[in-house]
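Colleague: Please work out how this folds:
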Amino acid sequence: MPERKSYFISLDKDRISEVSVPDTTEYEVLVTNEELETYKSLVEASGQRDFSYAMENIVFKPFAEVEPDEMRKKDDDNLMQVFQFLYQYGTPETKRKLEEVGYQTK
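Modeller: Residues are numbered from 1 along each chain as shown. Here you go, the predicted structure:
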């Protein structure tokens with residue numbers, strides 16, 4: 001079975017670290033390298049959508065409403081996947097923090 005390591009994920013700073021950083025809101029997870037790559041792909045997909053959206057819609061279609069609504073839906077879905085990941089692999093302290101900010105498991 002692959003070894004799990006502790007990582008600290010900061011959503012607001014968009015950072016993954018092996019050590020906790022003082023004065024930062026971060027969530028500790030215990031994951032394998034493969035699981036960490038899954039998290040990175042979730043974050044990367046969101047960043048690519050932001051760039052693609054800006055390039056396609058802001059410059060060429062400044063008043064389009066359907067595309068922004070679809071973009072917001074994809075971002076909401078992606079953010080929920082990130083929170084699900086953090087909760088699934090999080091330490092008890094991470095789960096407590098997520099519950100304090102209103103995250104509820106289904």
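
Colleague: A helix includes residue 7, no?
Modeller: No: inclusion of residue 7 in a helix is not indicated when DSSP: H, G, I helix; E, B strand; the rest coil is applied; the result is strand.

Colleague: quick one: it from residue 38, how far?
Modeller: Separation of residue 7 from residue 38 (CB to CB, to the nearest Å): 12 Å. To be clear about C-beta, it is placed using only N, CA and C from the backbone, and glycine gets the same treatment.

Colleague: do the same with residue 1
Modeller: 17 Å.

Colleague: More neighbours: which of those two?
Modeller: residue 38 (13 against 4; other CB atoms under 10 Å).

Colleague: Is the more buried one in contact with residue 84, as I believe?
Modeller: No: contact between residue 38 and residue 84 fails when scored by CB atoms under 8 Å: they sit 11.1 Å apart.

Colleague: Got phi/psi on the nearest residue in space to residue 25 that is not next to it in sequence?
Modeller: Nearest-residue entry for residue 25: residue 12, 6.1 Å, with adjacent residues in sequence omitted and distances by CB to CB, 6 or more residues apart in numbering. In this entry, residue 12 is assigned phi and psi values of phi -70, psi -30 (degrees, to the nearest 10).
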